[in-house]
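Enquirer: Below are the sequence and a predicted model; questions follow.
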Amino acid sequence: MRKVIFQFIVTIALFFAAWLALSKVDWMTIFKVEQVSQTTEEKLGDLFWDLINESEKVIQNKKITAPLDSLLSRICVSNDIDQSQVKLHIIEKDDINAFALPYNHLIIYSGLISASENEKEISGVICHELAHMELNHIMKKLIKEVGLSVLISMTIGNSGSDMAMETAKVLSSTAYDRNLEREADIKAVDYLVKSNINPEGFAHFLYKLSDNESQVVSYLSWISSHPDSKERAEYVIEYSSDKPKNYQTILAQEIWDELKVSLKELQESHTYTN
């Protein structure tokens, strides 16, 4: 009996010794999992953006792009985000939408700019999408909904452009799960506060979306891909209520007004540079 107990103790001891030894091995480095993941993300991001770039109208007008770039710059600098890694693209499209692609491509539709009453509202949306990037939500969503093997096949040319475009639409038109959305909203408030931008503007934008949720139309994409806007607005307000209130204006009112005028003129004339 003692022999059996002794053998059992030795077996348990060997198991934990082996487990401890294996836990100290850097498997990520050995199998280059992180590098493969980063390479896959880069290739997917560029693939998706190339498809969008070929099929959509890309705005290059500096009166429109420069103010948004200024907002992005302020947010990135204030939150130690490397702006050089964020690729901002503005698309001429009436959809009220913004979304992030792999490899830090940030897409903003002109309809979202038109629907924003001020810089605080659109800054909240920008921060929300940056949060998805920084928290690695984009690849998590794609792996969950599409599958890693399918994503990798796209990066090595084993999948058609139709499949790639449909996969890109997963990011532009379907919702993240509830936990990821909340996490991105909370992170967005942190980004706004550190940038001295009033997060109430973000909450106000969400309230506006919630007012339209009972009569959703096709161009209100940010509603369908970000559900429960009223609930989100409420916890954004609650979370930001005890934050420092050293808020500032980034864009002068005349610059914001000029941005909106330039956008309206562009939409009326349908002139753009690809």
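Expert: That came in fine, so what should we check first?
Enquirer: which residues of the stretch 51-200 of the chain fall in strands?
Expert: Ranges of strands in the stretch 51-200 of the chain, per DSSP state E, counting those that start in this stretch, are 87-91, 98-101, 105-109.
Enquirer: show me what contacts the residue lying closest to Glu145 once chain neighbours are set aside?
Expert: Across the structure, with CB to CB, 6 or more residues apart in numbering as the measure, the residue nearest Glu145 apart from its sequence neighbours is Val170 (5.5 Å). C-beta here means a position set from N, CA and C on the backbone, and glycine is covered the same way. Applying CB atoms under 8 Å, 6 or more residues apart in numbering to Val170 gives the contacts Lys141, Leu142, Glu145, Val146.
Enquirer: Of those, which belong to helices?
Expert: Lys141, Leu142, Glu145 (DSSP state H).
Enquirer: could I get those as CSV with distance to Val236, pLDDT and neighbour count?
Expert: What follows is those, written out as CSV (distance: CB to CB, whole Å; pLDDT from 0 to 100; neighbours: other CB atoms under 10 Å):
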residue, distance to Val236, pLDDT, neighbour count
Lys141, 21, 90, 20
Leu142, 26, 89, 23
Glu145, 26, 85, 14
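Enquirer: And these, which is closest to Gly45?
Expert: Gly45 has its nearest neighbour among these in Leu142, at 10.6 Å by CB to CB.
Enquirer: Give me the distance between that closest one and Glu234.
Expert: As for Leu142, its distance to Glu234 is 29 Å (criterion: CB to CB, to the nearest Å).
Enquirer: What number of residues are in the vicinity of Thr249?
Expert: Number of residues near Thr249 (other CB atoms under 10 Å) recorded here: 13.
Enquirer: what's the answer for Ser123, then?
Expert: Using other CB under 10 Å, Ser123 has 28 other residues around it.
Enquirer: Hmm, it is touching Ile75, no?
Expert: Yes. Under the criterion of CB atoms under 8 Å, Ser123 lies in contact with Ile75, with a separation of 6.8 Å.
Enquirer: just to revisit the earlier point, quick check, nearest of the ones in helices among the contacts of Val170 to Val193?
Expert: Checking these against Val193 with CB to CB, the nearest one is Lys141 at 25.9 Å.
Enquirer: That closest one is in contact with Asn179, isn't it?
Expert: No. Between Lys141 and Asn179 there is no contact under CB under 8 Å: 11.6 Å.
Enquirer: Quick check: which ranges of the stretch 101-250 of the chain have low pLDDT?
Expert: Applying pLDDT under 70 to the predicted model, the residue ranges of the stretch 101-250 of the chain that meet it are 158-160, 211-227.
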